[in-house]
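Predicted model and sequence follow; I will ask about them next.
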Amino acid sequence: MNFRFSPCTMAASLALLVLGFCLPITDAGAASQGAKPKLGAVAQIWDVRIGQHGERTRIVLDLDRKLKFDVFTLPEPYRVVINFPEVAWNLDTHNLPENKGVFSRMRYGLFTPGTSRMVLDVKGPVDVQSSFMLKPVDGKRWRFVMDLAPTSETQFLEHLAAQREKARKSLDALVTTVIPNAPPTIVTPVRPRAPKTLITPRKPSVPGKHIIAIDAGHGGVDPGTIGIGKSYEKNITLAMARDLKKALEATGRYKVVLTRNRDIFLRLRDRVKVARRAGAELFISVHADSVKNRKTRGLSIYTLSERASDKEAAKLAAKENKADLIAGIDLSTESKDVTNILLDLAQRETMNQSARFAQELVKALKREVKLLRNSHRFAGFAVLKAPDMPSVLLEMGFLSNRQDERNLLSKKYRRTMAKAMVKGIDRHFSGTEEARIR
């Protein structure tokens, strides 16, 4: 198959690649899309240490080899982001450093295929004074070293502007090299198209089977909730997504697509795109929450609404909708139409279908697992925004509760939950077919 790229298409692609991350293109992200590194080819990061020396905070990572890297800062909230080629993280998750100097806490994981990312939350505007690799000495490993120091908000924003200007110039230079005599690139926000008022029913691309998208919440650099026993929400949600996929496909009535099938980060809107590309007729996002009261336990199901059903629902939706910030993505240049796209895309009929589907799930699940009081709740989750696809978000339980965490780590318990959900999904499609016949 031959592919042809017009100068405009290539320039636009380069613009998204460079300006979307606000840093120059480097070898760190040059791995082929979707390709898995060969066994033994992945670098290892073994330890992280953070020390304070006066006003300076030093971050040190131990590695098994020299790596290329990119470092940049982001505002709202203040973060420092480090990109490496894809690596294996061998860090002790039970003893990660916290609250030293300007540093607050960290997250790490696979950001995109070929690129691993560490995001450092910092307590205010900071200046990256230095970042470099140290050769092994006295039997030690390679070390990545970065020094941070507090700075004023004015200086931070000036540095951020310079950082973006450098990225823009890098883009112009690259476009000029690839497309001779090309004018400087100007990237303007694209307003999303308004949704159609009439939504055409989806037709499964697999004859005789309904297509369902299952979204394992969080992933990669975004671990989600960390449980009372140090379990990671991102691992539990992926395990549940796989168990539910297996249970659904075993019936022969369903084709299931997973938004992610490995420990990798996905933007919220990209999760919905995966489902829509597959022609999914249902979208189920699985999560596990935490609250201050460790006695609180039980499952709940959320559907989209302009108003949250209670303060807890609103607070939970706000937390989940920050996933892109957690992963170190710069949203400061996005238009309001993009960041507030949720309510613009919501369609009344789809919301009603989602609510009916949630009620069927509640009926099926309450016989098998413990549910929260008022099990069906409403909130403005970003992943429930598709205008033409009934969508629910399943909060499987609370990782802040020992019993819920123990249950969700049990394959037997997850299989029981999956079987009950299959019954609820069967009822949903049975009711949909009856409505069409009438």
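Sure thing, it's come through.

For the most centrally placed residue in the chain, give me its contacts.
In the chain, the C-alpha nearest the mean C-alpha coordinate belongs to residue 266, at 3.9 Å (Cα atoms, centre = their mean). Applying Cβ atoms under 8 Å, 6 or more residues apart in numbering to residue 266 gives the contacts 219-220, 259-260, 274. Heads up, the C-betas are built off the backbone N, CA and C, glycines and all.

out of the residues you listed, which are inside strands?
Using DSSP state E, no member of the contacts of residue 266 falls in strands.

which two in those are spaced the farthest apart?
The largest separation in the contacts of residue 266, counting by Cβ to Cβ, is between 220 and 274 at 14.8 Å.

Confirm that the residue nearest to the centre of the chain sits in a helix.
No: using DSSP: H, G, I helix; E, B strand; the rest coil, the secondary structure at residue 266 is coil, not a helix.

Each with direction, which strands does the host helix or strand of residue 129 pair with?
Using DSSP states H and E, the secondary-structure element containing residue 129 is strand 126-134. Neighbouring strands of strand 126-134 in its sheet, by DSSP bridges, are strand 142-150 (antiparallel).

Extract the C-alpha trace of the partner strand and format it as PDB.
The C-alpha coordinates for strand 142-150 follow below in PDB (Å, rounded to 0.1, in the frame of the first residue of the first chain):
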ATOM      1  CA  TRP A 142      24.400   5.300  35.700                       C
ATOM      2  CA  ARG A 143      22.600   8.100  37.400                       C
ATOM      3  CA  PHE A 144      20.200  10.700  36.100                       C
ATOM      4  CA  VAL A 145      20.500  13.900  38.200                       C
ATOM      5  CA  MET A 146      18.200  16.900  38.200                       C
ATOM      6  CA  ASP A 147      18.400  20.000  40.500                       C
ATOM      7  CA  LEU A 148      15.300  22.100  41.200                       C
ATOM      8  CA  ALA A 149      15.100  25.400  42.900                       C
ATOM      9  CA  PRO A 150      12.100  27.700  43.800                       C
END
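
about what we covered before: please say which of residue 220 and residue 274 ends up with more neighbours.
More crowded of residue 220 and residue 274, by other Cβ atoms under 10 Å: residue 220, with 22 against 17.

The more buried one: what's it in contact with?
Contacts of residue 220 (Cβ under 8 Å, 6+ apart): 109-111, 117, 234, 263-266, 327.

what about it, distance to residue 86?
Look at residue 220 and residue 86: by Cβ to Cβ, to the nearest Å, they are 11 Å apart.

you'd agree residue 415 is up against residue 247?
Yes: if you go by Cβ atoms under 8 Å, residue 415 and residue 247 touch, sitting 7.0 Å apart.

In the stretch 251-400 of the chain, where is pLDDT below threshold?
Flagging of the stretch 251-400 of the chain using pLDDT under 70 yields the residue ranges 306-317, 319-322, 324, 326, 328, 330-348.

For it, which segments count as strands?
Secondary structure of the stretch 251-400 of the chain (DSSP state E, counting those that start in this stretch): strands at 254-258, 282-289, 299-304, 371-379, 391-398.

In JSON lines: the ones you listed, plus mean neighbour count.
Below are the strands of the stretch 251-400 of the chain laid out as JSON lines (neighbours: other Cβ atoms under 10 Å):
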{"stretch": "strand 254-258", "mean neighbour count": "20"}
{"stretch": "strand 282-289", "mean neighbour count": "26"}
{"stretch": "strand 299-304", "mean neighbour count": "26"}
{"stretch": "strand 371-379", "mean neighbour count": "17"}
{"stretch": "strand 391-398", "mean neighbour count": "26"}
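
Which among those is found nearest to residue 100?
With Cβ to Cβ as the measure, strand 282-289 is the member of the strands of the stretch 251-400 of the chain nearest residue 100 (28.4 Å).

so what strands line up beside that closest one?
Paired neighbours of strand 282-289 in the sheet (DSSP bridges): strand 210-216 (parallel), strand 391-398 (parallel).

Export those strands as a markdown table, with columns for distance to residue 163.
Output for the strands paired with strand 282-289, formatted as a markdown table (distance: least, Cβ to Cβ, whole Å):
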| stretch | distance to residue 163 |
| --- | --- |
| strand 210-216 | 33 |
| strand 391-398 | 35 |
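
I'd like to know which of those strands is closest to residue 124.
Of those, nearest to residue 124 by Cβ to Cβ is strand 391-398, at 31.9 Å.

Following the chain onward from that closest one, which element is next?
helix 402-408.

Give me the buried positions along the helix or strand that that following helix is followed by.
Per DSSP H and E, the first helix or strand lying C-terminal to helix 402-408 is helix 411-437. By neighbour count with 16 or more other Cβ atoms under 10 Å, helix 411-437 contains the buried residues 413-414, 416-418, 420-429, 432.

and what of stretch 105-112?
106-112.

which ones among those residues are found in helices?
If you go by DSSP state H, those have nothing in helices.

which residues does residue 89 bridge with?
With DSSP bridges as the rule, residue 89 is bridged to residue 45.

So it versus residue 46, what's the distance?
Noted for residue 89: a distance of 9 Å to residue 46, by Cβ to Cβ.

Which residue ranges make up the domains of the chain?
Domain assignment for the chain by automatic domain parsing gives 23-31+41-165, 210-437.

Point out the most buried one among those domains.
For the domains of the chain, average neighbour numbers computed from mean count of other Cβ atoms under 10 Å are highest in domain 210-437, which has a mean of 19.

show me where the stretch 151-300 of the chain has helices.
Secondary structure of the stretch 151-300 of the chain (DSSP state H, counting those that start in this stretch): helices at 153-178, 233-250, 268-277.

For the first one, the averaged confidence score.
Right, the one you point to is helix 153-178. Here helix 153-178 scores 74 as its mean pLDDT.
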